[in-house]
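J.: One predicted model, sequence on top.
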Amino acid sequence: METVMGVFASRERAEETVKELLSRRVPQDAIVFLTRSESEAMTLGKSLGACIGGVVGGSAGVTAGVVAATLFAIPGIGQVFALGVGATAALGLAGIAVGKALSATPNLSLESAMHTPQPTPDEKSLEDLAFLGEVLNEGRSLILVRTDSPEIAEGAAGTLDRMGISSQWRASEKMQTAVRQVGGISVVDVWGGITFGRNSTMLREIVSNLLEKGSKHVLLNLRGVQYIDSAGLGELVRTYTTLQRRGGQLKFVNRNPKVQNLFKATRLHKVFDVHEHEATAILSFGPLATEATASGPKS
């Protein structure tokens, strides 16, 4: 399953992006829009409901011109709205709720229109949602495209890269990596771009190999990274949550201004554990740092 992720500062831009994804034949059940704003969810839901009805000629996921919407709660974050026919499948939620009454009763809130106001995510999805919720809590909205088709994922990545916040850092470079052990910590040095295709799958394969060897505490050194696209952002989120579920940790060393700016713009610097120097990053792993310190990590 490929995941590409776009981060947006305005509803209008996000709405344009979803419409373009639909026009480019990205299946509606592969698209999920996440926001903490009820008014934003309501406005976008009605607009996209009409849009999807026009594009695909109506569907079970569109009722009375309203896109299927799910409301769930993340501890410490609050309520989050997920719009999209595929939201429950993509996020592992308990059930989907479509508000027929929403279009018929203008003053009715989106929450009140839900058949199931607060489905409870399973334990696995809750970790992913809590992570994404931190980004939403910083005033951003998210568009996720999850698909088994590399062709669809590649097309969606191109649209999200061009329309999302990360567009101004666009570049094209082959990714190169090197893995070394510093005590009980696996340090992965990365150069080039973390982008759709071989670059993002290479990172996934590295982490999978490390996990197979029992190494689940990983430090990504991004000093040589020049660009991270929507697929790369999705892969970093996937890596972070995968290691968490396995009882591990993912931390970052980043002295690269381009990557710093991207993390700040997307608000990922609020949720990723990012350090300026490798020495301090190693120490942040706690007990694992004892052996690592003796090995003499680089600054």
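T.: Perfect, I can see it now. Small disclaimer: the values here were computed from a predicted structure and weren't measured.

J.: who does the host helix or strand of Asn221 touch, helix- and strand-wise?
T.: Assigned by DSSP states H and E, Asn221 belongs to strand 217-228. In terms of contacts (3 or more CB pairs under 8 Å, 6 or more residues apart in numbering; DSSP states H and E), strand 217-228 is packed against strand 185-194, helix 230-245, strand 249-253, helix 257-266, helix 278-283. Using the backbone N, CA and C atoms, a C-beta is placed for each residue, glycine as well.

J.: and the first one, C-alpha only, in CSV?
T.: Read it as strand 185-194. Written as CSV, here are the backbone C-alpha positions of strand 185-194 (Å, rounded to 0.1, in the frame of the first residue of the first chain):
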residue,chain,number,x,y,z
ILE,A,185,21.1,2.7,17.6
SER,A,186,20.9,2.3,13.8
VAL,A,187,22.0,5.5,12.1
VAL,A,188,20.8,5.9,8.5
ASP,A,189,22.6,8.7,6.6
VAL,A,190,20.5,10.0,3.7
TRP,A,191,21.5,12.1,0.7
GLY,A,192,19.5,13.3,-2.3
GLY,A,193,15.7,13.2,-2.3
ILE,A,194,13.1,11.2,-0.4
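
J.: Neighbouring strands - and their directions - for it?
T.: strand 176-182 (antiparallel), strand 217-228 (parallel) (DSSP bridges).

J.: Follow the chain on from that strand and name the next helix or strand.
T.: Beyond strand 185-194 toward the C-terminal end (DSSP H and E), the next one is helix 198-212.

J.: how many degrees apart are that following helix and helix 230-245 in direction?
T.: Interaxial angle, helix 198-212 versus helix 230-245 (axes from the mean of the first three to the mean of the last three CA atoms, to 10 degrees): 10 degrees.

J.: what does the average pLDDT come to for helix 198-212?
T.: Per-residue pLDDT over helix 198-212 has a mean of 86.

J.: Residues in contact with that helix: which ones?
T.: The contact list for helix 198-212 (CB atoms under 8 Å, 6 or more residues apart in numbering) reads 174-175, 177, 179, 186, 188, 190, 192-194, 216, 218, 231-232, 234-235, 238-239, 242-243, 246, 248.

J.: Report pLDDT for Gln249.
T.: For Gln249, the model assigns a pLDDT of 92.

J.: what about the spatially closest residue to Met5 that is not a sequence neighbour, neighbour count?
T.: Distances taken as CB to CB, 6 or more residues apart in numbering put Gly234 closest to Met5, at 4.2 Å, once the chain neighbours are dropped. Neighbours of Gly234 under the rule other CB atoms under 10 Å: 25.

J.: residues touching Glu138, list them.
T.: Each residue near Glu138 by CB under 8 Å, 6+ apart is listed here: Arg267, Lys270.

J.: I'd assumed it was in a strand, is it?
T.: No - under DSSP: H, G, I helix; E, B strand; the rest coil, Glu138 sits outside any strand and is assigned coil.

J.: right, and Gly224 touches Gly193 too?
T.: No - counting by CB atoms under 8 Å, Gly224 sits too far from Gly193 to count as a contact (10.0 Å).

J.: which residues do the two both contact?
T.: By CB under 8 Å, 6+ apart, no residue touches both Gly224 and Gly193.

J.: With neighbour numbers in mind, choose between those two.
T.: Under the neighbour definition other CB under 10 Å, Gly224 and Gly193 were set side by side, and Gly193 has more, 22 against 16.

J.: is that one in a bridge, and if so with what?
T.: Beta-bridge partners of Gly193, as defined by DSSP bridges: Tyr227.

J.: Offset the numbering so it begins at 49, please.
T.: All right, first residue 49 from here; so that's Gly241.

J.: okay, it: pLDDT?
T.: Gly241 is assigned 85 on the pLDDT scale.

J.: unless I'm mixing things up, it is touching Tyr275, no?
T.: Yes - if you go by CB under 8 Å, Gly241 and Tyr275 touch, sitting 4.2 Å apart.

J.: If anything else comes up later, I'll come back, but that's it for now.
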